[in-house]
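K.L.:
Provided below are the primary sequence and the corresponding predicted coordinates.
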Amino acid sequence: MTSSPPKSLNQVEIFLKLENCKFESFDKKELYKFIRHTTWNLKYSKLKKPQKSLVLKYLSRLSGYSHIQIKRLVKKSVRGKLFDPKFNKNKTSFGRKYTDDDIKLLADFDGLANYPNGYALIESFRRMYEDFKDVHFERLAYISNGHLYNLRKTKIYQRVSLKFHHTKSISENLIGVREKPNPDNRPGYIRVDSVHGGERNGEKGVYYVNLVDEVTQFEIVICVRGISERFLGEVWSEILVSFPFGILNFHSDNGSEFINKIVADILKRMIISQTKSRPRHSNDNGLVETKNGSIIRKHFGYIYVHEECAPIINIYLDQYFNDFLDYHRPCAFPTRIQLPNGKITIIYKKSDYKTPYAKLKEVDPEGKYLHKGVSYDKLDKIAMKYSDYEYLKIMKEEQKKMIRKVRLKTNEKLLTEN
């Protein structure tokens, strides 16, 4: 019997009553054509439910497809969307370029680095392969930004990645000048801001102070018991010399923790100019504001931590976290383009991603802005002692230890106070 499409329901019913009735086998293209003609001849969309069931049973027996699969194809046919499948007999079957191990390594590195954007992650992979000679990153070092996000959507990535697991006004004063600093591509222009760590029942916890160099994005984070002259006055001198280069400008918002006589005297002794943000110019301190979210909040969150824990957190910041930010975390550096109408537009290219230390060597290759006694040879030893991947693992282990100590200390203080 030839496989010609039925023209009435009677033909369908007769076929279903027959046994051992075989049709000529046909390929998928012929089958799709057969289904289209059948649904058209029988006006499938106007049939009642029992009659539709007969048609589906007929097509299922004829094709050997399951009832669900035939129902799906018929639905497409009725909507006019059942097109002939396209086959290319000469099509070459290529092997996978990125293996399961590559995706697992991507997920592991991504989780350790707290899920940076694609270009920053690719720059880290390039450094791992080219600078640290880690062959495990050979393929990932040259992955495209678009395909990296494709790999992030795979089931393997989502199974390994922790991201998809359930877890857990000030009055006017004469201190500082209201203006936006102009570094002129020189390191040493520091943007400063404070971040509240969290509170419990109205009680304030620790605070973080974030300092970022505008040109190189060199960053220093410290933790203090509170935002006041009492707690900050004794640490400013030490913080400012923690940068490998000299500080030329200190820029902040108008908070009293920065605009006060103690800070002004320290900056005056160190011959550092002080500026503060202008009214209705939110971008004056925009760089450090973005770092507050992408660095402080991302790594430390909003959880209440008792103020007595500040020294514990500072040890972690000083020994591990700040070196990670400056030597192992690629940042985006903007490219400014002037349009014909005179306006400036900002874009970020793949080549604009590099670590703050790499940017420092780029803008100051001779090291003329470095502190006396500091050289690139010494800084290279810090930067190359561990690969980015190794350092992330070490830092995460130390972070776990720090968190355990902080939780224990916070609970002890809460029990004592209650």
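P.N.:
Done, it's in.
K.L.:
From here on, just use CA atoms for contacts and neighbour counts.
P.N.:
Fine.
K.L.:
what's around R269, how many residues?
P.N.:
The number of residues packed near R269 is 9, by other C-alpha atoms under 10 Å.
K.L.:
residues in contact with it?
P.N.:
By C-alpha atoms under 8 Å, 6 or more residues apart in numbering, R269 lies in contact with nothing.
K.L.:
That one and L42: what is the separation?
P.N.:
Distance, R269 to L42, by C-alpha to C-alpha, to the nearest Å: 94 Å.
K.L.:
With L151 instead?
P.N.:
To L42, L151 is 46 Å away according to C-alpha to C-alpha.
K.L.:
what do you get for E179?
P.N.:
With C-alpha to C-alpha as the criterion, E179 and L42 are 79 Å apart.
K.L.:
Same check on K413?
P.N.:
80 Å.
K.L.:
higher neighbour count, those two?
P.N.:
A side-by-side neighbour count of K413 and L42, using other C-alpha under 10 Å, places L42 first with 19 against 15.
K.L.:
That one: what's it in contact with?
P.N.:
The contact partners of L42, by C-alpha under 8 Å, 6+ apart, come to 6-9.
K.L.:
repeat that with 7 Å
P.N.:
By C-alpha atoms under 7 Å, 6 or more residues apart in numbering, L42 lies in contact with 7-9.
K.L.:
So which residue is smack in the middle of the protein?
P.N.:
Nearest to the mean C-alpha position of the chain, counting by C-alpha atoms, centre = their mean, stands P116 at 2.9 Å.
K.L.:
separation between the closest residue in space to that one that isn't next to it in sequence and F125?
P.N.:
Counting by C-alpha to C-alpha, 6 or more residues apart in numbering, P116 lies nearest to D110, which is 7.1 Å off, once chain neighbours are set aside. Here D110 is placed at a distance of 11 Å from F125 (C-alpha to C-alpha).
K.L.:
K133 now?
P.N.:
11 Å.
K.L.:
out of these two, which sits in the more crowded spot?
P.N.:
F125 (26 against 13).
K.L.:
wait, that one sits on E138?
P.N.:
No - if you go by C-alpha atoms under 7 Å, F125 and E138 don't touch, sitting 8.2 Å apart.
K.L.:
Please state the offset of stretch 358-371 from the chain centre?
P.N.:
Offset of stretch 358-371 from its chain centre (C-alpha atoms, centre = their mean, to the nearest Å): 28 Å.
K.L.:
ah, wrong one, I meant stretch 73-89
P.N.:
Mean C-alpha position of stretch 73-89 versus that of the full chain (C-alpha atoms, centre = their mean) differs by 39 Å.
K.L.:
picking that back up, if I look at the residue nearest to P116, how far off is L408?
P.N.:
Going from D110 to L408 by C-alpha to C-alpha gives 29 Å.
K.L.:
Among those two, which residue is more densely surrounded?
P.N.:
Neighbour totals were compared for D110 and L408, and D110 leads with 22 against 12 (other C-alpha under 10 Å).
K.L.:
Out of the contacts of L42, which end up buried?
P.N.:
Among the contacts of L42, those classed as buried by 16 or more other C-alpha atoms under 10 Å are L9.
K.L.:
The contacts of L42 in helices, which ones?
P.N.:
Among the contacts of L42, the ones falling in helices (DSSP state H) are L9.
K.L.:
I'd like the contacts of L42 written out as a markdown table, with distance to D102 and pLDDT added.
P.N.:
Shown next, in a markdown table, are the contacts of L42 (distance: C-alpha to C-alpha, whole Å; pLDDT from 0 to 100):
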| residue | distance to D102 | pLDDT |
| --- | --- | --- |
| K7 | 55 | 84 |
| S8 | 57 | 86 |
| L9 | 56 | 86 |
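K.L.:
from the contacts of L42, which is closest to L82?
P.N.:
K7 (19.6 Å; C-alpha to C-alpha).
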